[in-house]
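Asker: Take this sequence and fold it.
(4 chains)
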2 protein chains.
Amino acid sequence: MIDKNTSNYRSACPLSTALDVIGDKWSLLVVRDMCMKKTRYGDFLASPEGIPTNILATRLRRLEEVGIIEKKPYQTKPLRYEYFLTSKGASLLPVLQQLAVWAHSYIPECGAPPGWFLNAKPENLLKDR
Amino acid sequence: MIDKNTSNYRSACPLSTALDVIGDKWSLLVVRDMCMKKTRYGDFLASPEGIPTNILATRLRRLEEVGIIEKKPYQTKPLRYEYFLTSKGASLLPVLQQLAVWAHSYIPECGAPPGWFLNAKPENLLKDR
DNA sequence: TTAACACACTTGTTTTAAGCAAGTGACAAT
DNA sequence: ATTGTCACTTGCTTAAAACAAGTGTGTTAA
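Answerer: Purely as a prediction, here's the structure:
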């Protein structure tokens, strides 16, 4: 079997690679929701930005594929899952915090990040089990 | 004149608003290039990710509109511009640094951010004049 | 003086992704 | 049997990305 081209990333630059993975308008919003302890499909749909259902489904699939989130069944009949951040996903928190601070500082129309968010720590975002 | 709908942003969330502005695969790469003191159209095109020329043109226009970069003529015949980060744009540096660190930590195939990048400071990215 | 070159784009077309509305499947409750 | 809930999927339309080629304004070399 032949190597299907040297990696899917545009370059070896870590920033470029990061953007290949989470560089779109929705992925980090799902991560944000998980930082607020939302876990279910319906929770994510209910966020004020109004993500379309099919986009949410593809993002959840993709985020799981790249190891940012994982799903665990919360019932079996019918089989349904809750979604949680992995440590890889929780480690995005500092990025989100910086972005939120930047936006609040430089984009007048937008609100302030809540204190709990700025004080949050990655290790506290993991599913306790 | 009627208010053309209450803002173009999806919600008041600063993170969501940030993603409305820079949430795509290319914008932050242009900012990155400017962090490395690249200033011209051809410089940005030469980056290893291979941004298409029309996309670059639209991104430069957009980034200028939102005040992340500004252009200054470097010659008049024919009229041509160099692009520089504003303080709003330079303030994205901590976000880029966090993202690069994250990618290097959690995405095996990708390289390490160079030391000069991790040690850079926003105020040193501004056009000295 | 004309032909080649450089730079910074623009234009036209194709391909991919986003966005919207509606539908489906597995069950629980009434 | 009918309605309801939840988590999706499917089909279709619209918008954006990607690719290839061309344009405008000049300089330099033959």
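Asker: name the element A:Lys25 belongs to?
Answerer: Secondary structure assignment for A:Lys25, by DSSP states H and E: no helix or strand.
Asker: Now it. Its backbone dihedrals?
Answerer: phi -80, psi -10 (degrees, to the nearest 10).
Asker: got a list of what the residue lying closest to it once chain neighbours are set aside touches?
Answerer: Using CB to CB, 6 or more residues apart in numbering or on different chains and skipping residues adjacent in sequence, the residue nearest A:Lys25 is B:Gly23, 4.3 Å away. Quick note: C-beta positions are derived from backbone N, CA and C, even for glycine. Residues near B:Gly23 by CB atoms under 8 Å, 6 or more residues apart in numbering or on different chains: A:23-25, A:28.
Asker: Which one of the residues in chain A is closest to DNA strand D?
Answerer: Of all residues in chain A, A:Gly42 sits closest to DNA strand D, at 3.0 Å by CB to the nearest atom of the strand.
Asker: circling back to that earlier point, where does the residue nearest to A:Lys25 fall, phi/psi-wise?
Answerer: Dihedral angles (degrees, to the nearest 10) for B:Gly23: phi -90, psi 70.
Asker: For chain A, list the residues in contact with DNA strand C, please.
Answerer: A:24-26, A:50, A:52-55, A:58, A:77-78 (CB under 7 Å from any atom of the strand).
Asker: hey, where'd the helices end up in chain A?
Answerer: Along chain A, counting by DSSP state H, helices occupy A:14-22, A:27-35, A:41-45, A:53-65, A:87-90, A:93-106, A:115-119.
Asker: Dump those helices into a markdown table; add mean pLDDT as well.
Answerer: Compiled in a markdown table, these are given as follows (pLDDT from 0 to 100):
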| stretch | mean pLDDT |
| --- | --- |
| helix A:14-22 | 98 |
| helix A:27-35 | 98 |
| helix A:41-45 | 98 |
| helix A:53-65 | 98 |
| helix A:87-90 | 98 |
| helix A:93-106 | 98 |
| helix A:115-119 | 98 |
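Asker: okay, those in a markdown table with distance to B:Ser11 and mean neighbour count next?
Answerer: Below are the helices of chain A laid out as a markdown table (distance: least, CB to CB, whole Å; neighbours: other CB atoms under 10 Å in any protein chain shown):
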| stretch | distance to B:Ser11 | mean neighbour count |
| --- | --- | --- |
| helix A:14-22 | 19 | 24 |
| helix A:27-35 | 9 | 23 |
| helix A:41-45 | 14 | 15 |
| helix A:53-65 | 16 | 15 |
| helix A:87-90 | 21 | 20 |
| helix A:93-106 | 12 | 21 |
| helix A:115-119 | 14 | 11 |
